[in-house]
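*Asks:* no FASTA, just this:
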């Protein structure tokens, strides 16, 4: 699944895409505001990248998944503005929503190939050819029934799942219309498409992984800019101010976020929330000596980031953070290693969680792990590796196995006493996006191993 960028025989549009994507990957920079960030493509170039990736995914990922799960037909149906989460990732870049009722059909032909059709009034880009003529057959659902009957599939998958919300996109109305149109002889062949839907959403291609590091790098650059003297004036700036600066900065760069950023402080004289994550801190004025924490994510080229990092606000005369805080960050990094060391293809999220927490206990690390997949969605489909309030395992989502070529937000925290703070415990809350290739796990754009300092020395 390698995205080719070097062919001189490319058509003009494809050649333009190759040039813009090459510049993007080379790390060219654009100045917006007071700081530089990695190159961000214009909207036309973004659409070209998204559509090229979509072609590769439909040509390669879908057939591989249907073979793996032994499915002969996959039906995805949705109405405008009530889209199945999967169908939204299969629409071309210029389709911002389904149109009227949009039905996508993947069906195995007699030769074993997977054919793509749209039971819709229009072709869906160049990816799905329409197979419905309303003048010949006014009933859209009846036409779907005819198409399925033609190939006599032994298994017909639809997106229904009690476990994964992202794989449960077929509404009751759509399901009822589908069943009514399906010949009765095929009713017993309808199965859940859960593993198809999750597989489609979680699988990352080589083409995507060539660019994902640059997307994560942009997120890291914005985080670093926000946790700097460019934004933070100790004694004046509040945590709310920084959160809203991030929102404005993201839009200024032509990007969007999938959740509101959060910024919080830990300090020697502040009460510890004892691991409570369900409520947000009140805005705090940032002071010298504070340990800042940010939780931040962007969406770009249909891929998401999710990152948590720390910064220390220097006191007058300080050139570095207290040694205890530096050591605490190292403990957080060690916990990351203990977790990713347990990544093995086929292991479930709950198995990985239990093994990693066992290793942490053996090293006397006070750990909490709540790692999740990332990709088309921030909290994406795939194996859940703990929730902050479910450290004994997560039924259902935690029982799903780890597959190769998937991305995960390595999210966790370690509670560590800091001598300079009277042995008060701080929570080192880290989150970095990583990729599992089936053999090893690596951070897509590295990870934080040193505290950011405000101001930078």
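*Replies:* Alright, I've got the coordinates. All of these numbers come straight from a predicted model, not from anything done at the bench.

*Asks:* quick one: least confident helix or strand in the protein?
*Replies:* strand 29-32 (a mean of 45; mean pLDDT, DSSP states H and E).

*Asks:* tally of neighbours for residue 311?
*Replies:* Using other C-beta atoms under 10 Å, residue 311 has 25 other residues around it. In short, each C-beta sits where N, CA and C put it, glycine included.

*Asks:* Check residue 108 too.
*Replies:* 20.

*Asks:* Does it touch residue 150 like I think?
*Replies:* No: using C-beta atoms under 8 Å, residue 108 makes no contact with residue 150, being 11.4 Å away.

*Asks:* Quick check: residue 411 is in a helix.
*Replies:* No: per DSSP: H, G, I helix; E, B strand; the rest coil, residue 411 lies outside any helix segment and is strand.

*Asks:* so the closest residue to it other than its chain neighbours, which of the three states?
*Replies:* Nearest residue to residue 411 in three dimensions, chain neighbours excluded: residue 431, at 4.1 Å (C-beta to C-beta, 6 or more residues apart in numbering). When classified by three-state DSSP, residue 431 comes out as strand.

*Asks:* What residues does residue 431 make contact with?
*Replies:* 295, 306-308, 409-412 (C-beta atoms under 8 Å, 6 or more residues apart in numbering).

*Asks:* can you tell me how far residue 311 sits from residue 265?
*Replies:* 10 Å (C-beta to C-beta, to the nearest Å).

*Asks:* cool, residue 384 as well?
*Replies:* 29 Å.

*Asks:* Settle it for me: which of the two has more neighbours?
*Replies:* residue 384 (26 against 19).

*Asks:* So that one versus residue 111, what's the distance?
*Replies:* Residue 384 sits 39 Å away from residue 111, going by C-beta to C-beta.

*Asks:* low-confidence ranges in the chain?
*Replies:* Counting by pLDDT under 70, the chain shows low-confidence ranges at 1-37, 272-282.

*Asks:* And the helices in it?
*Replies:* Using DSSP state H, the helices assigned to the chain run over residues 12-25, 43-56, 62-69, 85-88, 140-151, 172-181, 194-202, 206-226, 239-252, 323-340, 349-362.

*Asks:* Turn those into CSV, including distance to residue 440 and mean neighbour count.
*Replies:* Output for the helices of the chain, formatted as CSV (distance: least, C-beta to C-beta, whole Å; neighbours: other C-beta atoms under 10 Å):
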stretch, distance to residue 440, mean neighbour count
helix 12-25, 22, 15
helix 43-56, 23, 17
helix 62-69, 21, 16
helix 85-88, 29, 21
helix 140-151, 40, 18
helix 172-181, 41, 15
helix 194-202, 18, 24
helix 206-226, 13, 20
helix 239-252, 32, 17
helix 323-340, 9, 20
helix 349-362, 15, 19
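
*Asks:* Now render those as TSV, adding distance to residue 164.
*Replies:* Formatted as TSV, these follow (distance: least, C-beta to C-beta, whole Å):
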stretch	distance to residue 164
helix 12-25	32
helix 43-56	22
helix 62-69	14
helix 85-88	9
helix 140-151	24
helix 172-181	17
helix 194-202	6
helix 206-226	21
helix 239-252	28
helix 323-340	22
helix 349-362	12
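
*Asks:* Would you mind saying which of those helices lies nearest residue 126?
*Replies:* Of all the helices of the chain, it is helix 43-56 that lies closest to residue 126, at 7.6 Å by C-beta to C-beta.

*Asks:* Which strands or helices does the closest one pack on?
*Replies:* In terms of contacts (3 or more C-beta pairs under 8 Å, 6 or more residues apart in numbering; DSSP states H and E), helix 43-56 is packed against helix 12-25, helix 206-226.

*Asks:* for residue 310, what are its contacts?
*Replies:* Per C-beta under 8 Å, 6+ apart, neighbours of residue 310: 291-294, 329, 428-430, 448, 451-452.

*Asks:* If we use 7 Å, what do you get?
*Replies:* Neighbouring residues of residue 310 by C-beta atoms under 7 Å, 6 or more residues apart in numbering: 291-293, 329, 428, 451.
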